[in-house]
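1. below: sequence and its predicted model.
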Amino acid sequence: MSAAAAPGAAPATAAPAPARARRAAAAWGHRAAPVLLLAALVAAWQAVVTLGDVPPFLLPSPAAIVGEFAEFLPTIASAALVTGTNALVGLVIGAVVAIAAAVLASAVRAVDLLLDPVVAGLAVVPIVALAPVLYTMYGASVETGRQIVVAVAVGVPVFVNTLRGLRQVRPVHRDLMRAYAATPRQAVRAVTIPTALPFVFTGLRLASSLAVISAIVAEYFGGPRSGIGSFITTAAAGSNYARAWAYVLGGVLVGLVFYGATSAIERWGTRGVRRA
Amino acid sequence: MTAPTTAGAAAPGTPGTTAAAVQVSGVGRVFPGEGGRAVTALEHVDLTVGAGEFVSLIGPSGCGKSTLLRLIADLDSPTSGSIAVFGRPAREARLGHDYGIAFQQAGLLPWRTVRANIELPLSLHGVGRGARRERADEMLALVGLADFADHFPDQLSGGMQQRVAIARALAERPSLLLMDEPFGALDEMTRERLQSELVRICAETRAAVVFVTHSIPEAVFLSDRVVVMSARPGRIAGIVDVGLGRSGDRGDGLREDAAYFAAVTAVREALHGGAESVPSRGVETR
């Protein structure tokens, strides 16, 4: 990144201690509130199932789900690992290709014109529907098909956001770079990349959730019985509803890990840029 | 360059000695319009700005004053005529970093601190870290923002941002400063304060300035000469010698001086009189 970009730390205006304490309390409140809400909802769920005598095939109780989760933890963990790996491989490949394509499209008008309809097409294709086709192409015993599904699904938001970010350079900044006779390379480093970065990261954050969802859903359409999605279908087909929910919980955790990781990377990557 | 008698203040349109900061000769700029309807933004413009001279371009919107400034800065190219900056073509002057520039929008990089923004031209041109820092400190002191070096632009008011932009424009000690309505978006009080500051800064740096504005009082207060332009097609309608004394002597008292009002009137008449009331009207003798 640009050498002179200062860390985006908050200005070092030392707040008096009571104010700081109050702010810390407020921050804690912000974090605690959703947790409390979630706890209340789970408790209500448990109460409804227990008191209302709801049959487990309609809605299993949270306690039953947690019980299954604990019992099948090793299986869930290994399934989560498989699905997470597929999502990660697809996310990285898709993002790299999409960012490269966006850079090319922003630089070369012909590429832009060429890619525009392709991306529009990809955006409307129900990509997970490709999974069965890919399984027959690459063999039903490997994860390749799933990773391709993820890469294609992820590519669209990353491409669209990156391209948009690359086009956000303000005319006054462009004039400035020209007035200073900056080389194209310098202009890209000083202005284009810092301007585009927040957009790229927005695309990546959207893509990360999409990657996990696509990886799970792709498993519904066949392929090796290895990931979270395959186990959800198996459990549900065997009327083990609480167990199916336990696997769903595993999928949620994988999604959270991805979201948290991309958010952390975003915060790190835009620490000097966030003010754009 | 230092004596108050030199160069431009005396002689509008004196054909270029090599010392002229800017020499505009027979310049025209035609923008190709929609459906073949070309727009003539500038036509037959001749202008000489002497070294150390402060010249304002004033006129109604659409008179091409900003276009003329962009041509001098080589951000755009003339369709006819030629422009020389310190005796060399505008393009070479740009590549040689001969001028500093400030726009109506401060145009600071929001992800860089005030200090890093001022250092931007220096770092682009390979000045070492120590020298950069030293120069940024000087500039921060010059524009009175030493306490805000580590702030980010969005923590500053519009007037402060514009001061940072001016500091950035001056960072490389240019002998020519190009300013495109730098105070246009500011409130009147901030504006007058920055005008006084600019007068002081110009006295200190002795840079020639081409200053685009649509404010008559601003043009008169700042300038040695005011170039009045008319629109459609953009051309120079007249040049008013203000001659209110060299930059250094101009204090806020000047704003209430009779000679100041006389010059304001002269510029206003040149603006409204169109091409007829061309020459400078002897304002300086009153």
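-> Right, received. Where do you want to start?
2. switch to C-alpha atoms for all contacts and neighbour counts from now on
-> Noted.
3. which SSE is the nearest residue in space to residue B:79 that is not next to it in sequence in?
-> Distances taken as CA to CA, 6 or more residues apart in numbering or on different chains place residue B:29 nearest to residue B:79, at 4.9 Å, with adjacent residues excluded. Secondary-structure assignment from DSSP states H and E places residue B:29 in strand B:22-31.
4. list the neighbouring strands of that strand plus their orientation.
-> Strand pairing for strand B:22-31, determined by DSSP bridges: strand B:39-49 (antiparallel), strand B:80-85 (antiparallel).
5. for residue B:226, which of these is the nearest?
-> Closest to residue B:226 of the strands paired with strand B:22-31, according to CA to CA: strand B:39-49, at 11.0 Å.
6. ok, which of the strands paired with strand B:22-31 comes nearest residue B:235?
-> Nearest of those (CA to CA): strand B:39-49, 5.6 Å.
7. buried residues in the closest one?
-> B:40-49 (16 or more other CA atoms under 10 Å in any protein chain shown).
8. equivalent analysis for stretch A:117-127, please.
-> Buried residues in stretch A:117-127 (16+ other CA under 10 Å): A:119, A:127.
9. for that stretch, what is the average pLDDT?
-> Taken as a whole, stretch A:117-127 has an average pLDDT of 82.
10. just the C-alphas of it, formatted as PDB.
-> Taking Å, rounded to 0.1, in the frame of the first residue of the first chain, the C-alpha atoms of stretch A:117-127 are listed here in PDB:
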ATOM      1  CA  PRO A 117     -23.000  -9.600 -21.200                       C
ATOM      2  CA  VAL A 118     -21.100 -12.600 -19.900                       C
ATOM      3  CA  VAL A 119     -21.300 -11.300 -16.300                       C
ATOM      4  CA  ALA A 120     -25.000 -10.400 -16.800                       C
ATOM      5  CA  GLY A 121     -25.500 -13.900 -18.000                       C
ATOM      6  CA  LEU A 122     -23.700 -15.500 -15.100                       C
ATOM      7  CA  ALA A 123     -25.600 -13.400 -12.700                       C
ATOM      8  CA  VAL A 124     -29.000 -14.800 -13.800                       C
ATOM      9  CA  VAL A 125     -27.800 -18.500 -14.200                       C
ATOM     10  CA  PRO A 126     -28.900 -20.500 -11.200                       C
ATOM     11  CA  ILE A 127     -25.400 -21.600 -10.700                       C
END
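11. name the residues that touch that stretch?
-> A:149, A:152-153, A:156 (CA atoms under 8 Å, 6 or more residues apart in numbering or on different chains).
12. residue nearest the centroid of chain B?
-> residue B:211 (2.3 Å; CA atoms, centre = their mean).
13. sheet partners, orientation included, of whichever strand or helix holds it?
-> Using DSSP H and E, residue B:211 maps to strand B:208-213. Here strand B:208-213 is paired, per DSSP bridges, with strand B:54-58 (parallel), strand B:176-180 (parallel).
14. now the ones you listed as JSON lines including mean pLDDT and mean neighbour count?
-> Shown next, in JSON lines, are the strands paired with strand B:208-213 (pLDDT from 0 to 100; neighbours: other CA atoms under 10 Å in any protein chain shown):
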{"stretch": "strand B:54-58", "mean pLDDT": "91", "mean neighbour count": "28"}
{"stretch": "strand B:176-180", "mean pLDDT": "91", "mean neighbour count": "24"}
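15. now render the ones you listed as TSV, adding distance to residue A:55.
-> Shown next, in TSV, are the strands paired with strand B:208-213 (distance: least, CA to CA, whole Å):
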stretch	distance to residue A:55
strand B:54-58	83
strand B:176-180	75
